[in-house]
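**Q** What shape does this take:
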Amino acid sequence: MKDSLTLKLIQTDLYWESKDANLGMLEEKIWQVEGDCDVIVLPEMFTTGFTMNAPPHSELMNMKTMKWMKQMALQTGALMLGSFIVRENSHYYNRLLWVEPDGQVLIYDKKHLFSMAGEHEIFSPGQQLLVAEWKGWKICPLICYDLRFPVWSRNRLNGDELLYDVLIYVANWPAARIQAWDILLKARAIENLCYTVAVNRTGTDENGILYNGHSAAIDPKGNLLGPVSETPEIISVILQKDELLRYRQKFPAHRDADDFFLKGS
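**A** Here you go, the predicted model:
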């Protein structure tokens, strides 16, 4: 188990519906990563931008994007996280891949589809929360609009310990609602007694929607672990396990939480 976890957040503009251009651009950025790196986090729909034009831009599993993520994980030695459009059994999913350097792949399909953009008419919702362990840290990755629904991500006791240590969000979250993003990320960290880490894109997409970053890491007290920015950059974040455990021991609010069962988790 590592006492600290170093994450590199790739906050970037995206080429609209251009897989090759995005993979090439992201690969260049990944090779700019310096120093220790345990996890590399890419934005939501990092191969296309937030498009509803799923049929021509979807992929089957174990095709180009998944193979690219496996290659990046192997070459960097880091866990790779990011979502793209996957086609499976005549359904489309906004699917996050968890790819480890040894080739192990886990998946999370976006549960809450953004109906105001018609995402629910194109994509099928996920039904299963993903919590997995990496280097002794229990991590729960989620996607964009999931941030607005705290019941889905609620941290619960699993025996004597909480289910996860870190929430990670990948997003295409518009600048018009960035205040909600900033507030909700802090709320998720505080209520779940966890670190919350989030990656948002920058730039303007072909629908004229502006994105202004604000990728962030937040401790369980709701404190930002570094400044937020609105321009493309690689953000380095270091999480400390002893600080997390010390706070949970000092302020064990999770022991007074309401007991409930979450269908599908």
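
**Q** which ones are touching residue 42?
**A** Residue 42 makes contact with 10, 26, 80, 81, 82, 170, 199, according to C-beta atoms under 8 Å, 6 or more residues apart in numbering. Glycine gets a C-beta too; all of them are placed from N, C-alpha and C.

**Q** quick one: low-confidence ranges for the protein?
**A** Along the chain, segments meeting pLDDT under 70 span 1, 262-265.

**Q** make it 90
**A** Within the chain, the segments meeting pLDDT under 90 span 1-2, 34-35, 157-160, 255-265.

**Q** Buried residues of the biggest helix by length in it, list them for me.
**A** In the chain, taking DSSP state H as the definition, the longest helix is helix 178-192. Going by neighbour count (16 or more other C-beta atoms under 10 Å), the buried part of helix 178-192 is 178, 181, 182, 184, 185, 186, 188, 189, 190, 191, 192.

**Q** Same list, the residues you listed, but as JSON lines with distance to residue 106 please.
**A** JSON lines is the format used below for those (distance: C-beta to C-beta, whole Å):
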{"residue": "178", "distance to residue 106": "30"}
{"residue": "181", "distance to residue 106": "25"}
{"residue": "182", "distance to residue 106": "29"}
{"residue": "184", "distance to residue 106": "25"}
{"residue": "185", "distance to residue 106": "23"}
{"residue": "186", "distance to residue 106": "27"}
{"residue": "188", "distance to residue 106": "21"}
{"residue": "189", "distance to residue 106": "23"}
{"residue": "190", "distance to residue 106": "27"}
{"residue": "191", "distance to residue 106": "25"}
{"residue": "192", "distance to residue 106": "20"}
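
**Q** Which two among the residues you listed are spaced furthest apart?
**A** By the measure C-beta to C-beta, 178 and 192 form the most distant pair in those, at 21.4 Å.

**Q** got a list of what residue 167 touches?
**A** Applying C-beta under 8 Å, 6+ apart to residue 167 gives the contacts 139, 140, 141, 142, 153, 188, 189, 192, 194, 195, 196, 197.

**Q** From the chain's centroid, how far away is the helix or strand that contains residue 55?
**A** Assigned by DSSP states H and E, residue 55 falls within helix 54-57. In this view, helix 54-57 has its centroid 22 Å away from the chain centroid, taken as C-alpha atoms, centre = their mean, to the nearest Å.

**Q** With stretch 170-185 instead?
**A** Mean C-alpha position of stretch 170-185 versus that of the full chain (C-alpha atoms, centre = their mean) differs by 13 Å.
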